[in-house]
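Engineer: fold the following for me, if possible:
(one chain, ligands or ions: 1)
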Amino acid sequence: MGDSPVDFPGQNATDFWGLRPLLIRDLTRSTVLPCADYGVSSFLPLSANTFKPLDRLNKSVARCVTGAFRTAALAALEKEAAMLPAQLRIERDAMNTVAYYLFLPSSHPIRPLLRNAIAVAPKSPKNASILHYVERIPGTRWPPSVPTRGQRLRKRKVPRTVGAEESPAMDFDETLGMEPIVPVYAAPWATPLPVTTIILPKEDALRALEVAMGDERRRDATWFTDGSLLEGCAGGAAVRVEGGVEKECIEVPLGDGQVCEGEMEGLFCATTKALRDKCHCVLCVADSQAALRGILSTKPRSGQFRAIRYDQLIRNAMLTTPHLTILNLWTPAHIGTDGNELADAAAKAATKCDPNPDNYVSLTSVCRHIHVSSLAEWDTRWKTVKTGKALRYLDRTPPSLIPSPLYSSSSLSRKASSWISQLRTGFTYLNADRYKSGFVDSPSCEACGALYETRAHYLLECPVWEPHRQPLHAACRDIGHFGPLHLSPLLTHPKLLTPVGKFIDATELFARPRPPPDSTL
Ligand SMILES: [Zn+2]
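Structural biologist: This next block holds a predicted model:
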């Protein structure tokens, strides 16, 4: 073992001792994988075989997290440890990087290269580079005048095809509809806006709302705003309320966006309308603290353009209305405040409308799309890969980056989680598995003499262990599984993990000094 961080996983855990599985996973994700991945994306696109060394590292890390044997399939181990396969990880990071390039200022030296990557597809797929991953970024607005998606990163020997609408001379939007993000907008010494944002604890916030609503100066400029996300569509709304009655309502459909964007749009629209109505004292009530803070922050980040528009709106209004005051008040959501409920209903209605096609595509949405598409690709691979059948038989859930309770539970010992993991991935200390690897001469059960000591025989059938199965039956009844025991719930249900761990411990089959089926572990 050298001192390289890549050796880290093997030094700090085995299936019996070491750090907790989740801690190993987090440590490797933050220290080992970045070292291993460093610079790989510069050589993209790469063939699947090129990722073999990173696959080996993924396997070693996944084995330390799960405590499974080396003979277990890589695909199964990656799903168990909730680790994205190496190729998908590198490609996801590359797409995120290129998405960040899309909003750089047009004077940045990488912009002409990126523009070229969008405008021209390489003649040979060999000449593609990481910038060509721009065509894989989901959620962006792809211009019709450039080669269609899939023409840059093609398989070898696939010729380039020219689309009907493709016209090299035509100008196109090289940001692909992405929101602009500027490095510096306002000087640090710029005068602050005449906006007071009040965020108080729940009880005080309600009292403050009562006082603010009672102020006669704000009678005709009291707006409630809200954002909503329903079935993947976001929307914002602003409702002007006078004497508890809705007077005006503005709905902003955002289509593919986030709740916070809807909240910020609501605030922006309410302020715009109030200033157009020549109001000097404006009250905006919102139930999102993030939106109230975000609308005032012009720092470079996703959603910055809304804060800039808000800033420009108010500074322009100040030229004609120097004594303008705006009060943005936070109020807790869903506690029956009339205006808030009206705004909530309007925002929900806004999610159903068609968004303005000129709305910017937000960076947050694009990053979420990239994440979702990587998971979908992982799921397709997991369903079609030939290995990992033992796990696929038990666990039909799609792979995810959220670790299973088997590795995150604090009540389960390291030993028990390794045993269950071995049973799940299909390579265990049981004779049927050890026979396959040539460690024993017979696959039969030493306890009862049955022909094959498989995980089903051990957990469900072997008569010798029947007395230890009573707690398993009781735990199954507790979660609503009556009748005979089944493998799938026993090895997947979070509430059955501890009883199964105790069963294995009681049978002492895995703790015996039997040589493991894989002596190199
Ligand atoms: Zn038996």
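
Engineer: spatially central residue in the chain, please.
Structural biologist: Nearest to the mean C-alpha position of the chain, counting by CA atoms, centre = their mean, stands His371 at 5.5 Å.

Engineer: that one - nearest residue in space that isn't next to it in sequence?
Structural biologist: Excluding the flanking residues, the one nearest His371 by CB to CB, 6 or more residues apart in numbering is Arg92, at 7.2 Å. (Each C-beta comes from the backbone N, C-alpha and C, glycine too.)

Engineer: that older thread, quick one: contacts of the one helix or strand the residue nearest to the centre of the chain maps to?
Structural biologist: Assigned by DSSP states H and E, His371 belongs to helix 363-384. With contact meaning CB atoms under 8 Å, 6 or more residues apart in numbering, helix 363-384 is reached by 75, 79, 84-85, 88-89, 91-92, 95-96, 99-100, 103, 137-140, 178-179, 181, 256-258, 261, 302-303, 388, 392, 398-401.

Engineer: next SSE after it?
Structural biologist: helix 389-394.

Engineer: show me where the stretch 301-450 of the chain has strands.
Structural biologist: 325-330 (DSSP state E, counting those that start in this stretch).

Engineer: got the residues of it near the ion?
Structural biologist: Applying CB under 5 Å from the ion, we find that the stretch 301-450 of the chain lies next to the ion at 445, 447-448, 450.

Engineer: and the chain, by the same measure?
Structural biologist: Selection of the chain residues close to the ion by CB under 5 Å from the ion yields 445, 447-448, 450, 462.

Engineer: mind checking which of the residues of the stretch 301-450 of the chain next to the ion are buried?
Structural biologist: 445, 447, 450 (16 or more other CB atoms under 10 Å).

Engineer: excluding its backbone neighbours, what's nearest the first one?
Structural biologist: Computed as CB to CB, 6+ apart, the closest residue to Cys445 that is not its neighbour in sequence is Glu453, at 3.9 Å.

Engineer: can you tell me the helix or strand for the one you found?
Structural biologist: Under the criterion of DSSP H and E, Glu453 resides outside all helices and strands.

Engineer: quick check: phi and psi on it?
Structural biologist: Dihedral angles of Glu453 (phi, psi; degrees, to the nearest 10) stand at phi -90, psi 80.

Engineer: which residues touch it?
Structural biologist: Counted by CB under 8 Å, 6+ apart, Glu453 has contacts 430-432, 443-446, 462.

Engineer: how about the strands in this structure?
Structural biologist: 195-198, 222-230, 233-242, 245-255, 281-286, 325-330 (DSSP state E).

Engineer: tell me what angle the helix holding His371 forms with strand 233-242.
Structural biologist: For helix 363-384 against strand 233-242, the angle by axes from the mean of the first three to the mean of the last three CA atoms, to 10 degrees is 140 degrees.

Engineer: next one: helix 363-384 to chain centre, how far?
Structural biologist: 9 Å (CA atoms, centre = their mean, to the nearest Å).

Engineer: which other residues reach stretch 34-51?
Structural biologist: 4-6, 54, 57, 85-87, 89-91, 93-94, 97, 125, 128-130, 132-133, 153.

Engineer: can I have the buried ones of these as a PyMOL selection?
Structural biologist: Of the contacts of stretch 34-51, the buried ones can be selected in PyMOL as follows, counting by 16+ other CB under 10 Å:
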select buried, resi 6+54+57+85+86+87+89+90+91+93+94+125+128+130+132+133+153
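
Engineer: taking the contacts of stretch 34-51 one by one, which sit in helices?
Structural biologist: Using DSSP state H, the subset of those located in helices is 54, 57, 86-87, 89-91, 93-94, 97.

Engineer: where's Tyr452 relative to Pro443, distance?
Structural biologist: Applying CB to CB, to the nearest Å, the value for Tyr452 to Pro443 is 5 Å.

Engineer: I meant Asn58, not that one.
Structural biologist: 31 Å.

Engineer: mind checking which of these two has more residues around it?
Structural biologist: Neighbour totals were compared for Asn58 and Pro443, and Asn58 leads with 24 against 17 (other CB atoms under 10 Å).

Engineer: got the contact list for the more buried one?
Structural biologist: Here Asn58 is in contact with 74, 77-78, 83, 85-86 (criterion: CB under 8 Å, 6+ apart).

Engineer: closest to the ion among those?
Structural biologist: Leu77 (27.8 Å; CB to the ion).

Engineer: what distance do you get for the nearest residue to the closest one once chain neighbours are set aside to the ion?
Structural biologist: Computed as CB to CB, 6+ apart, the closest residue to Leu77 that is not its neighbour in sequence is Ala62, at 3.8 Å. Using CB to the ion, to the nearest Å, Ala62 is found at 30 Å from the ion.

Engineer: list the contacts of Ala62.
Structural biologist: Per CB under 8 Å, 6+ apart, neighbours of Ala62: 68, 74, 77-78, 80-81, 83.

Engineer: pLDDT at Val195, what is it?
Structural biologist: For Val195, the model assigns a pLDDT of 86.

Engineer: tell me how many other residues crowd it.
Structural biologist: Residues near Val195, counting by other CB under 10 Å: 19.

Engineer: against the ion, how distant is it?
Structural biologist: 74 Å.

Engineer: pretty sure that residue contacts Arg315?
Structural biologist: No - the pair Val195 and Arg315 does not pass the contact test of CB atoms under 8 Å, sitting 11.1 Å apart.

Engineer: ok, the ones in helices among the contacts of stretch 34-51 vs the ion, which is closest?
Structural biologist: Leu57 (38.3 Å).

Engineer: any idea what sits nearest the closest one, other than its immediate chain neighbours?
Structural biologist: Closest to Leu57 by CB to CB, 6+ apart is Ala36, at 5.4 Å.

Engineer: next: Arg149.
Structural biologist: In space, Arg149 is closest to Glu135, 4.4 Å off (CB to CB, 6+ apart).

Engineer: and the pLDDT at the one you found?
Structural biologist: 89.

Engineer: pull the number of nearby residues for it.
Structural biologist: Glu135: 23 neighbours (other CB under 10 Å).

Engineer: this structure - how does it break down into domains?
Structural biologist: Annotated domains of the chain cover 1-180+360-398, 195-359, 428-507 [automatic domain parsing].

Engineer: now do the contacts for the closest residue to the ion within the stretch 251-400 of the chain.
Structural biologist: Nearest to the ion in the stretch 251-400 of the chain, going by CB to the ion, is Ala390, at a distance of 19.1 Å. Counting by CB under 8 Å, 6+ apart, Ala390 makes contact with 76, 424-427, 455.

Engineer: can you put those residues in JSON lines and add distance to Asp204 and neighbour count?
Structural biologist: Shown next, in JSON lines, are the contacts of Ala390 (distance: CB to CB, whole Å; neighbours: other CB atoms under 10 Å):
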{"residue": "Ala76", "distance to Asp204": "53", "neighbour count": "27"}
{"residue": "Arg424", "distance to Asp204": "51", "neighbour count": "26"}
{"residue": "Thr425", "distance to Asp204": "54", "neighbour count": "25"}
{"residue": "Gly426", "distance to Asp204": "58", "neighbour count": "26"}
{"residue": "Phe427", "distance to Asp204": "60", "neighbour count": "25"}
{"residue": "Arg455", "distance to Asp204": "59", "neighbour count": "21"}
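
Engineer: all set, thanks.
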